[in-house]
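> Got a predicted structure plus its sequence, pasted below:
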Amino acid sequence: MLFVYLWGAALILFLVVEAITAGLTSIWFAAGALVALIIALLHGSVLLQFAAFLIVTGLTVFGTRSMARKYVNSRTVATNADRLLGAEGLVLEPIDNVRARGTVKVDGKVWSARSGSGEAIPADTLVLVDSIDGVKLIVRPAAQAPAAEPNS
């Protein structure tokens, strides 16, 4: 009978933690504790209770993980900025990293830009977008060979 109380307390604890965090942090453990509680009420062995707890918890974690990521972690705002990577643009204002100046027009929009190599890039030069740093595009002249990837 002791384990009935322990599983009941665990179930309540997991549900309270879930209610406080509201981020699918312990609901899987609550499902496992519920099954273990039912087995304890049916006078199942302690080993069976723990096995059921672990199995149900594992199955619910792996069974709902992709759904949880999709619906719970929806704070990520898609900006489509990554579609600019590798895009070609035209330098409107000369790019000078020392003076923190330079703009490029990419995909019909004007962006602040900096040179990836640190070298100045004159106006009317075609450039390729290598990366994005905040709201600035990091570019290189289109005629230049791609920058070598650093060794990891």
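Perfect, I can see it now.

> so what secondary structure elements neighbour the host helix or strand of residue 11?
Counting by DSSP states H and E, the element that carries residue 11 is helix 2-21. Helix 2-21 is packed against helix 27-41, helix 46-72, with contacts defined by 3 or more Cβ pairs under 8 Å, 6 or more residues apart in numbering; DSSP states H and E. Every C-beta, even on glycine, is put in place using the N, C-alpha and C of the backbone.

> Now the weakest link among those, please, by mean pLDDT.
Here the lowest mean pLDDT among these goes to helix 46-72, at a mean of 86.

> could you check the angle helix 27-41 makes with it?
Angle of helix 46-72 versus helix 27-41, following axes from the mean of the first three to the mean of the last three Cα atoms, to 10 degrees, is 150 degrees.

> Can you list the buried residues in the helix or strand just after helix 46-72?
Scanning forward in sequence from helix 46-72 by DSSP H and E, the next helix or strand is strand 88-96. Within strand 88-96, the residues scored as buried using 16 or more other Cβ atoms under 10 Å are 89, 91, 95-96.

> can I see the domain layout of the chain?
Following automatic domain parsing, one gets these domains for the chain: 2-72, 81-141.

> hey, which helix or strand in the chain has the poorest pLDDT?
Lowest by mean pLDDT, DSSP states H and E among the helices and strands of the chain is helix 46-72, with a mean of 86.

> Measure how that one sits relative to helix 2-21, angle-wise.
Following the same axes, to 10 degrees, one obtains 10 degrees for the angle between helix 46-72 and helix 2-21.
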